[in-house]
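Trainee: got a structure for you, letters missing:
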């Protein structure tokens, strides 16, 4: 090494050391700010336990070495070993599920999606595939988790609540619907009210926001697309609009058809505490951030929604595939439901995959009848309202799980 190069090397080392010291000093300055004490540190357990204030949170941890349920309670974390749950089985079941729901397409479905290849499964084959998936989840982990928590039968009084926080490919599956639905009481739906959370921290934040003002917290924004370019018509959207505008008389803004552009919807979201979308959805499994809701002039994407903060209390996404992320990075929780939840909406009702237009409108009607009174929406009743509406739909169509499995609640 020449003298000149040696000097440059020494200067580079000194510069790197100086930058490292500057970085450490900046981090310490940030950590000195109120609320940033844990900046760039793993959050302390005590700060996450309040996530379980309303009931246990079940983190399903999947790995090639072993699988466990980490049950978070306000008193601490309990570990339930899941020897019947294996990573390779999760991947296989998720693939079979994606193929089954990918075949659920028709003129009256609210949804379309982008895949690497088309799958041609239809009719009874679809329902049988979904039923196998629900039974597998029940046997592999759901029944054991509920038994550990003491939820062994259908409650006669108040229903207990549980929050699911799945990891890996399990994030693609309808855990809330796991069970043997041909046998009374042998399903998650028959024992607990289920909700989802993308992370413990998100649930803690949503609980902490309870009672906080959320924009104009007593106004509803209705976004509807009865006709969408290059998509099938959705005649029930008009029924949903009529019902919701009557329910929130004087407190509802409607953006329907040509009025529902990307700009007007984004602007409306900032001005309303509640929002209801009734439109087609689109999911890109390879790039989930580009999935979204189809409005008049294009797609309102996950990226769009994540670009700003709202102070909303309730969002109902009556469109397809609004609560499912990507197949390549399922842990990333990149969904429309998660995007709205992260950006400020405490409660989000969305769908995992394609839904029938008639059933979508019926579920929405039953949910709103349970949570809205006198033009005021009680968002904290959303999870239980959805649960009972889905159970009624399940009881009418036990042999067609594709009809009732997609609906899911995210939030406290």
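Mentor: Yep, it's here. Note that the structure is a prediction, hence the values are computed from the model and not measured.
Trainee: Would you agree residue 89 is in contact with residue 137?
Mentor: No - under the criterion of C-beta atoms under 8 Å, residue 89 is not in contact with residue 137, lying 10.4 Å apart. (C-beta placed from N, C-alpha, C; glycine too.)
Trainee: who has more neighbours, those two?
Mentor: Using other C-beta atoms under 10 Å as the criterion, residue 89 and residue 137 rank with residue 137 on top: 25 against 15.
Trainee: if I look at that one, how far off is residue 188?
Mentor: Using C-beta to C-beta, to the nearest Å, we find residue 137 at a distance of 8 Å from residue 188.
Trainee: hmm, which helix or strand of this structure has the shakiest average pLDDT?
Mentor: strand 112-114 (a mean of 35; mean pLDDT, DSSP states H and E).
Trainee: what domains does the record give for the chain?
Mentor: 1-41, 45-202, 213-410 (automatic domain parsing).
Trainee: looking at those, which is buried most?
Mentor: Mean neighbour count, computed with mean count of other C-beta atoms under 10 Å, is highest for domain 213-410 among those, reaching a mean of 21.
Trainee: what about residue 30, helix or strand, and which?
Mentor: Counting by DSSP states H and E, the element that carries residue 30 is helix 3-31.
Trainee: Please apply the same query to residue 55.
Mentor: Residue 55 belongs to no helix or strand, assigned by DSSP H and E.
Trainee: With residue 94 instead?
Mentor: Here residue 94 is assigned to helix 87-102, by DSSP H and E.
Trainee: Please state the offset of that helix from the chain centre?
Mentor: In terms of C-alpha atoms, centre = their mean, to the nearest Å, the centre of helix 87-102 is found 19 Å from the chain centre.
Trainee: and if you look at stretch 343-362?
Mentor: The answer for stretch 343-362 is 10 Å, by C-alpha atoms, centre = their mean.
Trainee: What average pLDDT does stretch 269-286 get?
Mentor: Across stretch 269-286, the average pLDDT comes to 82.
Trainee: Run the chain-centre distance for that stretch.
Mentor: Distance, centroid of stretch 269-286 to centroid of chain: 12 Å (C-alpha atoms, centre = their mean).
Trainee: same deal with stretch 42-55?
Mentor: The answer for stretch 42-55 is 20 Å, by C-alpha atoms, centre = their mean.
Trainee: With stretch 16-27 instead?
Mentor: For stretch 16-27, the distance to the chain centre is 39 Å (C-alpha atoms, centre = their mean).
Trainee: for stretch 143-158, same thing?
Mentor: That offset, for stretch 143-158, works out to 23 Å (C-alpha atoms, centre = their mean).
Trainee: And stretch 178-188, by the same measure?
Mentor: Using C-alpha atoms, centre = their mean, the offset of stretch 178-188 from its chain centre is 23 Å.
Trainee: Kindly check the end-to-end length of that stretch for me.
Mentor: Distance between the two ends of stretch 178-188: 6 Å, counting by C-alpha to C-alpha, to the nearest Å.
Trainee: looking only at pLDDT, what's the mean for that stretch?
Mentor: The model assigns stretch 178-188 a mean pLDDT of 95.
Trainee: Residues in contact with both of residue 137 and residue 188, list them for me.
Mentor: 175, 178-179 (C-beta atoms under 8 Å, 6 or more residues apart in numbering).
Trainee: which of those residues lies closest to residue 31?
Mentor: Distance to residue 31 across the shared contacts of residue 137 and residue 188 (C-beta to C-beta) is lowest for residue 175, with 36.7 Å.
Trainee: quick one: secondary structure of residue 156?
Mentor: At residue 156 the chain is in coil, as set by DSSP: H, G, I helix; E, B strand; the rest coil.
Trainee: Could you measure from it over to residue 390?
Mentor: 20 Å.
Trainee: Ok, residue 88 next?
Mentor: Counting by C-beta to C-beta - residue 88 and residue 390 are separated by 30 Å.
Trainee: and what of residue 296?
Mentor: Residue 296 sits 30 Å away from residue 390, going by C-beta to C-beta.
Trainee: Likewise for residue 373?
Mentor: 21 Å.
Trainee: same deal with residue 76?
Mentor: Distance from residue 76 to residue 390, by C-beta to C-beta: 32 Å.
Trainee: Between its first and last residues, how far does stretch 161-180 reach?
Mentor: End-to-end distance of stretch 161-180 (C-alpha to C-alpha): 20 Å.
Trainee: correction: stretch 230-238
Mentor: 19 Å.
Trainee: can you check stretch 40-52 too?
Mentor: End-to-end distance of stretch 40-52 (C-alpha to C-alpha): 24 Å.
Trainee: Contacts for that stretch, please.
Mentor: So stretch 40-52 is contacted by 27, 38, 57, 72-77, 163, 197, 200-201, 203-204, 207-208 (C-beta under 8 Å, 6+ apart).
Trainee: How far away from the center of its chain is that stretch?
Mentor: 21 Å.
Trainee: same check, this time on stretch 159-178
Mentor: 10 Å.
Trainee: All further residue positions should be reported with the first residue as 19.
Mentor: Noted, 19 is the first residue going forward, which turns the last one into stretch 177-196.
Trainee: can you give me the helices in the chain?
Mentor: Taking DSSP state H as the test, the helices found in the chain are 21-49, 63-66, 105-120, 142-155, 161-167, 218-226, 254-265, 280-287, 320-324, 354-360, 375-389, 400-414, 419-422.
Trainee: Tell me which of the ones you listed sits nearest to residue 79.
Mentor: helix 105-120 (10.5 Å).
Trainee: Helix 142-155 and the closest one, what's the angle between them?
Mentor: Relative orientation of helix 105-120 and helix 142-155, computed by axes from the mean of the first three to the mean of the last three C-alpha atoms, to 10 degrees: 150 degrees.
Trainee: For helix 105-120, name the packing helices and strands.
Mentor: helix 142-155 (3 or more C-beta pairs under 8 Å, 6 or more residues apart in numbering; DSSP states H and E).
Trainee: same for the helix it packs on, what does it pack against?
Mentor: With 3+ C-beta pairs under 8 Å, 6+ apart as the test, helix 142-155 has helix 105-120, helix 419-422 packed against it.
Trainee: where's it relative to the chain centroid, distance-wise?
Mentor: 21 Å.
Trainee: as a whole number, average confidence for it?
Mentor: 91.
Trainee: now do stretch 224-240
Mentor: On average, stretch 224-240 scores 71.
Trainee: Quote the end-to-end distance of that stretch.
Mentor: Using C-alpha to C-alpha, the distance between the terminal residues of stretch 224-240 is 23 Å.
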